[in-house]
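Peer 1: Here's my sequence, what's the structure:
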Amino acid sequence: MAEKNGGRTCPKCGMNLGQKHLCPICDQPEPERRRGGRTCPKCGMNLGQKHLCPICDQPEPEQRRGGRTCPKCGMNLGQKHLCPICDRPERKRDAGSSGFCRTASSPVDKTEAVSRYRAAAEHGDATAQYLLGGCCYYGLGVAENKPEAVKWWRRAAAQGHAEARNKLRECGIPVQETNESGTDAVNRYRATAEHGDADAQFNLGECYFRGKGVRKDHAEAVKWYRLAAEQGLAKAQNNLGYCYFQGRGVPENKTEAVKWWRAAAEQGMIEAQFNLGGAYDLGEGVSQDRTEAVKWYRLAAEQGFANAQNSLGDHYYYGVGVRKDHAEAAKWYRLAAEQGHEAAREKLNRMERER
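Peer 2: Below you'll find the predicted structure:
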């Protein structure tokens with residue numbers, strides 16, 4: 001770093017770093033170096049000479065064959081993990097759609113970010129593939145292109161990128177599991193979940209819910225879903241809502257289910273929007289309101305969720321919650337059918353026979 005006014009600034013972006021770095025554990029100023037190492041003034045952890053992993057803020061493992069691997073995702077970081085925005089070592093990324101291009105403040109910055117993501121993605125970097133997919137999905141620095149987003153998320157997921165797999169699941173796309181053993185995954189998730197990482201808490205909840213790498217335990221799944229949901233993680237809120245709706249690991253409470261689905265749906269969680277639409281459609285956990293059901297189905301359908309497209313088609317076909325319109329029904333059935341939705345394909349074929 002270049003010296004400026006007695007402190008440090010980034011030679012590229014000019015950010016003033018102050019007199020000291022911040023401790024990457026608790027964002028407190030580092031203590032003085034003692035015997036070549038560092039300790040955290042909050043938790044007292046001896047940090048030694050190690051940096052923290054930029055993916056999950058856990059201490060890096062020992063150097064192996066000249067590179068590094070992330071203890072959370074297992075990604076090979078090489079000698080450095082560089083930020084695709086400014087070529088400086090990367091800090092922890094924000095989760096969710098708001099995290100894509102988060103350091104880009106202008107359209108030019110976003111375009112440059114996409115260019116850097118693409119260059120790294122084409123060389124096989126799973127994190128860059130995930131980020132590029134997000135930019136394509138939400139139209140950040142590039143024209144919105146959901147099929148292109150799915151393509152990059154598939155590539156990242158094939159390398160074991162957990163967030164890319166979750167995005168595919170949110171879109172209703174089956175995900176092929178990685179070769180990592182279930183027990184290894186559980187241990188990896190638990191290590192960070194117990195330190196408050198919401199994504200790890202959600203993933204650990206998934207392991208308990210599905211019985212992967214650990215004995216199936218829906219009550220334990222609910223415990224971890226809740227911890228993540230209370231931190232605002234939409235996918236955890238959606239799953240917690242499902243547990244309440246079905247009475248899995250917790251007494252059935254459809255009103256509580258709707259509460260959590262709404263919290264996730266208002267964040268743009270596609271599956272939660274569909275689930276909330278279904279609750280209004282059937283009047284479960286909330287007063288029946290078919291118009292409100294159509295509203296939530298449409299939000300999910302417009303983001304490419306096949307089940308929502310099929311349900312929206314039904315409402316247009318029968319004129320429930322919306323004026324009957326067979327042309328509009330056929331449009332939504334067709335979109336769902338193109339994604340392999342068999343019920344929508346059958347309805348579309350039936351409509352064509354009725355002409």
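Peer 1: can you give me the helices for the stretch 151-300 of the chain?
Peer 2: 162-170, 182-193, 198-210, 218-229, 234-246, 254-265, 270-282, 290-301 (DSSP state H, counting those that start in this stretch).
Peer 1: how about TSV for the ones you listed, with mean pLDDT added?
Peer 2: Compiled in TSV, those are given as follows (pLDDT from 0 to 100):
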stretch	mean pLDDT
helix 162-170	83
helix 182-193	85
helix 198-210	92
helix 218-229	97
helix 234-246	96
helix 254-265	97
helix 270-282	96
helix 290-301	96
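Peer 1: mind giving me a markdown table with these and columns for mean neighbour count and distance to Lys324?
Peer 2: Backbone N, C-alpha and C define where each C-beta goes, glycine included. A markdown table is the format used below for the helices of the stretch 151-300 of the chain (neighbours: other Cβ atoms under 10 Å; distance: least, Cβ to Cβ, whole Å):
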| stretch | mean neighbour count | distance to Lys324 |
| --- | --- | --- |
| helix 162-170 | 22 | 31 |
| helix 182-193 | 18 | 48 |
| helix 198-210 | 24 | 40 |
| helix 218-229 | 22 | 38 |
| helix 234-246 | 25 | 30 |
| helix 254-265 | 21 | 26 |
| helix 270-282 | 24 | 16 |
| helix 290-301 | 21 | 12 |
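Peer 1: How is the chain partitioned into domains?
Peer 2: The chain breaks down into these structural domains: 1-49, 82-179, 221-354 (assignment by automatic domain parsing).
Peer 1: Ok, which of those domains comes nearest His195?
Peer 2: Taking Cβ to Cβ, domain 1-49 is the member of the domains of the chain nearest to His195, at 9.4 Å.
Peer 1: Deepest in the core, which of the domains of the chain is it.
Peer 2: Burial among the domains of the chain, expressed as mean neighbours by mean count of other Cβ atoms under 10 Å, is greatest for domain 221-354, which shows a mean of 20.
Peer 1: and the end-to-end length of that domain?
Peer 2: From the first residue to the last, domain 221-354 extends over 47 Å; the measure is Cα to Cα, to the nearest Å.
Peer 1: Show which residues not belonging to stretch 314-330 make contact with it.
Peer 2: 281, 289-294, 297, 313, 332-333, 347-348, 351 (Cβ atoms under 8 Å, 6 or more residues apart in numbering).
Peer 1: just those residues now: which is nearest Ala257?
Peer 2: Proximity of those to Ala257, judged by Cβ to Cβ, is greatest for Asp281, which lies at 14.0 Å.
Peer 1: Return the distance of the residue nearest to that closest one when sequence neighbours are not counted relative to Asn275.
Peer 2: Nearest residue to Asp281 in three dimensions, chain neighbours excluded: Ala293, at 3.8 Å (Cβ to Cβ, 6 or more residues apart in numbering). Between Ala293 and Asn275 the distance, using Cβ to Cβ, to the nearest Å, works out to 11 Å.
Peer 1: Could you do Gly139 as well?
Peer 2: Here Gly139 is placed at a distance of 25 Å from Asn275 (Cβ to Cβ).
Peer 1: now Ala120
Peer 2: When Ala120 is compared with Asn275 (using Cβ to Cβ), they lie 35 Å apart.
Peer 1: same deal with Tyr242?
Peer 2: When distance is defined by Cβ to Cβ, Tyr242 is 7 Å away from Asn275.
Peer 1: same question, Ala301
Peer 2: Applying Cβ to Cβ to Ala301 and Asn275 gives a distance of 13 Å.
Peer 1: and if you look at Gly160?
Peer 2: Remark: distance between Gly160 and Asn275 (Cβ to Cβ) = 28 Å.
Peer 1: ditto for Val294
Peer 2: Using Cβ to Cβ, one gets 15 Å for the distance from Val294 to Asn275.
Peer 1: so who does Gly133 touch?
Peer 2: For Gly133, counting by Cβ under 8 Å, 6+ apart, the contacting residues are Glu148, Ala149, Val150, Lys151, Trp152, Trp153, Ala156, Ala164, Lys167.
Peer 1: Isn't the first one up against Gly134?
Peer 2: It refers to Glu148. No - look at Glu148 against Gly134 with Cβ atoms under 8 Å: they stay out of range, at 11.1 Å.
Peer 1: All good on my end, thank you.
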